[in-house]
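Enquirer: Predicted model, plus sequence, below.
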Amino acid sequence: MDKFLKIAGIVLVAWIAFGLVGWVFGFLATAVFWVAVVAGGIWLVGAITGRGKNQVGGPRAHARIR
């Protein structure tokens with residue numbers, strides 16, 4: 001009975017550990033996803049609003065230098 005309880009305890013601790021690690025990685029993946037979505041939205045709005053402006057490295061900047 002002693003060996004059974006040790007094995008059952010090891011299985012239970014491993015199960016809890018894997019569940020906790022999975023939860024942490026899932027949370028981090030979700031957080032990185034939402035940060036990327038927000039950053040992409042900010043970049044998109046900036047690209048749309050700055051579309052007509054003369055930006056450094058844009059096609060109009062090179063034509064003016066010549």
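Expert: Cool, got the structure. Since the structure is predicted, the reported quantities are computational estimates derived from the model, not experimental observations.
Enquirer: residue ranges for the helices of the protein, please.
Expert: Along the chain, the stretches classed as helices by DSSP state H are 2-49, 59-65.
Enquirer: same question for the last one, mean pLDDT?
Expert: Computed over helix 59-65, the mean pLDDT rounds to 55.
Enquirer: now swap in the first one and tell me
Expert: When the per-residue pLDDT values of helix 2-49 are averaged, the result is 95.
Enquirer: on that earlier part again, present the helices of the chain as a markdown table; the columns should include mean neighbour count.
Expert: No exception for glycine: its C-beta is placed from N, CA and C like everyone else's. Shown next, in a markdown table, are these (neighbours: other CB atoms under 10 Å):
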| stretch | mean neighbour count |
| --- | --- |
| helix 2-49 | 10 |
| helix 59-65 | 9 |
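Enquirer: gap between the most centrally placed residue in the chain and residue 47?
Expert: Centroid check for the chain by CA atoms, centre = their mean gives residue 32 as the closest residue, at 1.8 Å. Distance of residue 32 to residue 47, computed by CB to CB, to the nearest Å: 22 Å.
Enquirer: One more: residue 11?
Expert: Counting by CB to CB - residue 11 and residue 47 are separated by 53 Å.
Enquirer: Residue 37: what's it in contact with?
Expert: Residues near residue 37 by CB atoms under 8 Å, 6 or more residues apart in numbering: none.
Enquirer: how close does it get to residue 22?
Expert: Residue 37 sits 22 Å away from residue 22, going by CB to CB.
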